[in-house]
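In: Here is my input, please return the structure:
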Amino acid sequence: MQPWRRKKGIMRSSAKFSTRFDPLEREVIGDLTATVSEALIARAQSAPKDEFAEMMGLAAGHSEPPEDPKVRRLLPDFQREGDEEFDGDAGLLRSLHENDIIKAKLMNLQVINEALGPTGGVDVSIDEEDAQRFVAALNDMRLYVSEDDRGGEAAQQDRARLLEWLSFCQDSLLDAMMG
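Out: Numbers count the residues shown, from 1 in each chain. Modelled structure (predicted):
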């Protein structure tokens, strides 16, 4: 991957950010985007139905955190260790907000899909708003693949290389955004 570059046009007030992925990198980021999206969609679809919330126009989600550690890193608890606990607060907050958080994460991941295009292009160009979403999606992908100790040593080395590459991609885009 080439480092992200900032391009400020003469006629436009906002900047554009561009890079070029190798074909294999493009395939990896596309596959990872799909994998994380599928995990989030499965979580949202498995939420218990609350007829009263639906009648009121509210989207109710799970009240319990995800069992899958990869999804749990994407959807952590709403309170920190040591916070004062009130009976049911964390579950209530989760059920009220988790679907909105999932929706926002899916929209961020969609920015990557749209930037790659339907033909799987390797040249990527995004505007400032999409760059912020791209960075957030890269962070979610990093969270999803981190701390996974399944597989042998080779699988863990592959995961470490993937995390390193995702970190480079994210850092490069942040550097370009900050000018």
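
In: Could you confirm Ser95 falls within a helix?
Out: Yes - assessed with DSSP: H, G, I helix; E, B strand; the rest coil, Ser95 lies in a helix.

In: excluding its backbone neighbours, what's nearest it?
Out: Ser63 (4.5 Å; Cβ to Cβ, 6 or more residues apart in numbering). All C-beta spots, glycine's among them, are computed from the backbone N, C-alpha and C.

In: Quick check: next helix or strand after the worst-scoring helix or strand of the chain on mean pLDDT?
Out: Least confident helix or strand, the chain: helix 51-55 with a mean of 70, by mean pLDDT, DSSP states H and E. Downstream of helix 51-55, the next assigned helix or strand under DSSP states H and E is helix 69-74.

In: From the contact counts, what lies against that following helix?
Out: Here helix 69-74 touches helix 23-45, helix 128-145, going by 3 or more Cβ pairs under 8 Å, 6 or more residues apart in numbering; DSSP states H and E.

In: buried set for the last one?
Out: It refers to helix 128-145. 130-145 (16 or more other Cβ atoms under 10 Å).

In: Turn the helices and strands packed on helix 69-74 into CSV, including distance to Phe52.
Out: Below are these laid out as CSV (distance: least, Cβ to Cβ, whole Å):
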stretch, distance to Phe52
helix 23-45, 19
helix 128-145, 31
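
In: want to throw the ones you listed into a markdown table with mean pLDDT?
Out: As requested, the helices and strands packed on helix 69-74 are exported to a markdown table (pLDDT from 0 to 100):
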| stretch | mean pLDDT |
| --- | --- |
| helix 23-45 | 94 |
| helix 128-145 | 96 |
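
In: So which of these is nearest Ala155?
Out: helix 128-145 (11.0 Å; Cβ to Cβ).

In: Next up, the contacts around Ile112.
Out: Ile112 makes contact with 29-30, 33, 134, 137-138 under the criterion Cβ atoms under 8 Å, 6 or more residues apart in numbering.

In: swap the cut-off to 6 Å and go again
Out: 33, 137 (Cβ atoms under 6 Å, 6 or more residues apart in numbering).

In: which ones are touching Leu75?
Out: Counting by Cβ under 6 Å, 6+ apart, Leu75 makes contact with Pro66.

In: what about it, distance to Leu138?
Out: The spacing between Leu75 and Leu138, counted by Cβ to Cβ, to the nearest Å, is 17 Å.

In: thinking again about what came up before, among the helices and strands packed on helix 69-74, which is nearest Arg6?
Out: For Arg6, the closest of the helices and strands packed on helix 69-74 is helix 128-145, at 9.1 Å, according to Cβ to Cβ.
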